[in-house]
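Peer 1: Just a sequence and a predicted model for now, questions to come.
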Amino acid sequence: MAYKIIVSPNAQKEIEDAIDYYALHSIDTPSHFINAIKESYYALSVNPLFRVRYKNIRAINLKKFPFSLYYIISEENQIVRILSCFHNKRNPLKRPLYKKNIKKLV
């Protein structure tokens, strides 16, 4: 059975910010980024059991873009909740894996 994908407001804002940034520099790149997001959503809906990064937070890398989607799984409800779309070149202390950042997301 396919998992339902729920995107948190924080992750949605990060995705929109990335799309806006790419739109400033290219005509085609925003649509490629959106397609990479959709491919990741599909992969998560089929099999969300990607690598655990911290406790119950998992991550999947986007293809061709330096972003990772951080998420948690509710197996009993068949839900994947996207917590963050994090740019991998940002300050690692701002990753959603750190205790002080997790409290903001969950």
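Peer 2: Yes, it's here. Numbers count the residues shown, from 1 in each chain.

Peer 1: who's in contact with the residue nearest to the spatial centre of the chain?
Peer 2: Closest residue to the average C-alpha location of the chain: Leu69 at 2.0 Å, with Cα atoms, centre = their mean. Applying Cβ atoms under 8 Å, 6 or more residues apart in numbering, we find Leu69 in contact with 11, 37, 40, 44, 59-60, 62, 82, 84-86. C-beta: built from backbone N, CA, C; applies to glycine.

Peer 1: Which PyMOL command selects the buried ones in those residues?
Peer 2: This is how PyMOL selects the buried members of the contacts of Leu69, with burial counted by 16 or more other Cβ atoms under 10 Å:
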select buried, resi 11+37+40+44+59+60+62+82+84+85+86
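
Peer 1: Strands - which of the contacts of Leu69 land there?
Peer 2: Under the assignment DSSP state E, those contribute 59-60, 82, 84-86 to strands.

Peer 1: ok, back up a step: the particular helix or strand that has the residue nearest to the centre of the chain in it pairs with which strands, and in what direction?
Peer 2: For Leu69, the host element (DSSP states H and E) is strand 67-74. Next to strand 67-74 in the sheet, as set by DSSP bridges, lie strand 57-61 (antiparallel), strand 79-87 (antiparallel).

Peer 1: Show me where the chain has its helices.
Peer 2: 9-25, 29-46, 99-105 (DSSP state H).

Peer 1: what's the most buried one of those helices?
Peer 2: helix 29-46 (a mean of 16; mean count of other Cβ atoms under 10 Å).

Peer 1: That one relative to strand 67-74, how many degrees between them?
Peer 2: 30 degrees (axes from the mean of the first three to the mean of the last three Cα atoms, to 10 degrees).

Peer 1: So what touches helix 29-46?
Peer 2: Here helix 29-46 has contacts from 2-5, 15, 18-19, 22-23, 50, 60, 62-65, 69, 71, 80, 85, using Cβ under 8 Å, 6+ apart.

Peer 1: For Arg90, find the nearest of the helices of the chain.
Peer 2: Closest approach to Arg90 among the helices of the chain (Cβ to Cβ): helix 9-25, 10.3 Å.

Peer 1: Appreciated, that's everything.
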